[in-house]
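Novice: Predicted coordinates and the sequence they were generated for:
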Amino acid sequence: MRKAPIGLLTLGILLSLCGAVSAATHTISWAPVTTYTDGTTISGKTVTYSVYWSASSSLSSATTIASGLTATSKTFDPAALGMTGGSTVYFTLKTTISSGEVSALAPARAWVVPTTAPALSGISISGPSSVNEGTTGAYTATANWSDSTSSSVTPTWSVSGGYASISSSGNLAASAVPANQTVTVTASYTSGGVTKTAAKNVTVANLAPTLSGISISGPSSVHEGATGAYTATATWSDSVTSSITPTWSVSGGYASIGSAGNLTASAVSADQTVIIIASYTSGGVTKTATKNVTVADVAPSNPASPGDLRIGLLDSSPTPDTWRLSWAAVTEYANGQELGSGRAVRYNVYWTRDPSLAAGNLVAVATSTSALHIDFQPLVHGMEKSEKVYFTLRAILDSGEQSDLSGSLPWRVSSKGPAAPAKGKIGVKGLVLMK
């Protein structure tokens, strides 16, 4: 026995009447038939459909709308098929397989024929009221008809205001703006000789640039006991850079860093690596940068030699013939690096008759003094009146490192100051030479 395709009546398939395609046409659609009445699948055969209408619910005197359709819908003009506006008509259809099997008719579906084609009464625009600069927004249009129905339509799109463009499918592209700007999206649609237009104001929103990253600038190496200055720069989403004050920290245990980015290196026995970390937050976005810095072990260095030696008679001394030798403080190593706070410096002061300052000919005037001058009486230290002698000194650190001898200060020994005036003349008992 030949199997028949499943009847639309058995499936209870309903006919759907869609909205107007034009002022005079409508569309009827149905579900496809894929099985026989016994549930087996129709395979390798062509399924076609025949669609009918009738003025009677019993489907007598049915009129063919279309036959041999492979599609599951059919657009029709009621007037062209002889349907009277305002009357009730009934639709049915049947399935035919290429091997000859035919289904039963589907149950009748009633429909009231529109008296007149609905006219376009207006359109409206849907879509976002604000679009961020540099992004897009999608807009659609809906037509409203005289029969109180509505349907999606594809209008002619345009936009005014100069800060956006819109495509034929309603996709608006917002340009960059210096501040929030308003553009007007317009949709125009024509049906049955009637044209309707709708407009929608859209704000193109100016966005504050967002933080995209930060970087650290500063030396990659800092000597132990010394400092290094570090700064941070932010990069923003608009490619602009700016200086910032981040939260600073340092890891590694051989340095500390202040809120202004000044790193202080600790003493190390060998080169050590620390990591400087900068963290900055803006607009809820936090970015972090790191930089490796070497804390360099600096070999012990001798202090610089004292300089600016001066000598002069100390008039205020209670002891006659007292002279003062002074010099500038030593604040650096011989390599020019600062000694740093907390380093104690003392001085050994010598005199000699030897202009070459040979070590064996030096006579100590003072040792391990922390002052920047000494007061002395020449004869007490073995200097003979009017002879030429040379002063020199060296600096000694609290850790024992000694400087080279300073440059010599030549001096002609004098044991007295100027004599009091006598007989209208001033007698000078000693001549002082200073260099």
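Specialist: Structure received.

Novice: Quick check: which ranges of the stretch 1-150 of the chain have low pLDDT?
Specialist: 1-24 (pLDDT under 70).

Novice: Strands along that one, start to end?
Specialist: 16-17, 26-29, 47-54, 63-69, 73-76, 88-97, 109-112, 120-126, 130-132, 136-138, 140-145, 150-153 (DSSP state E, counting those that start in this stretch).

Novice: would TSV of those strands with distance to residue 407 and mean neighbour count be doable?
Specialist: C-beta: built from backbone N, CA, C; applies to glycine. Listed next are these as TSV, based on distance: least, Cβ to Cβ, whole Å; neighbours: other Cβ atoms under 10 Å:
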stretch	distance to residue 407	mean neighbour count
strand 16-17	112	12
strand 26-29	111	17
strand 47-54	116	20
strand 63-69	117	14
strand 73-76	111	16
strand 88-97	121	20
strand 109-112	121	14
strand 120-126	93	16
strand 130-132	74	17
strand 136-138	80	16
strand 140-145	93	19
strand 150-153	99	14
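
Novice: Identify whichever of those lies nearest to residue 294.
Specialist: Closest to residue 294 of these, according to Cβ to Cβ: strand 130-132, at 45.5 Å.

Novice: what's in contact with the closest one?
Specialist: 137, 164, 172, 174, 202, 203, 204, 205, 207 (Cβ atoms under 8 Å, 6 or more residues apart in numbering).

Novice: Export the strands of the stretch 1-150 of the chain as CSV, with columns for distance to residue 255.
Specialist: Output for the strands of the stretch 1-150 of the chain, formatted as CSV (distance: least, Cβ to Cβ, whole Å):
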stretch, distance to residue 255
strand 16-17, 78
strand 26-29, 78
strand 47-54, 83
strand 63-69, 85
strand 73-76, 79
strand 88-97, 87
strand 109-112, 87
strand 120-126, 61
strand 130-132, 44
strand 136-138, 50
strand 140-145, 62
strand 150-153, 68
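
Novice: Residue 392 is nearest to which of those?
Specialist: Proximity to residue 392 (Cβ to Cβ) singles out strand 130-132 among the strands of the stretch 1-150 of the chain, at 78.1 Å.

Novice: In terms of residue numbering, what are the domains of the protein?
Specialist: As recorded under automatic domain parsing, the domains making up the chain are 8-112, 120-205, 211-296, 310-412.

Novice: how about stretch 382-393: buried residues?
Specialist: Residues of stretch 382-393 classed as buried by neighbour count (16 or more other Cβ atoms under 10 Å): 383, 389, 390, 391, 392, 393.

Novice: what's the closest of those to residue 42?
Specialist: For the buried residues of stretch 382-393, the nearest to residue 42 is residue 393 (117.3 Å; Cβ to Cβ).

Novice: ok, now which ones touch the closest one?
Specialist: By Cβ under 8 Å, 6+ apart, residue 393 lies in contact with 306, 309, 327, 347, 348, 349, 350, 405, 406.

Novice: Report pLDDT for the residue nearest to the third one when sequence neighbours are not counted.
Specialist: Nearest residue to residue 327, sequence neighbours excluded (Cβ to Cβ, 6 or more residues apart in numbering): residue 306, at 4.6 Å. Per-residue confidence at residue 306 stands at 94 (pLDDT).

Novice: doesn't residue 402 make contact with residue 306?
Specialist: No - with contact defined as Cβ atoms under 8 Å, residue 306 does not count as touching residue 402 (11.4 Å).
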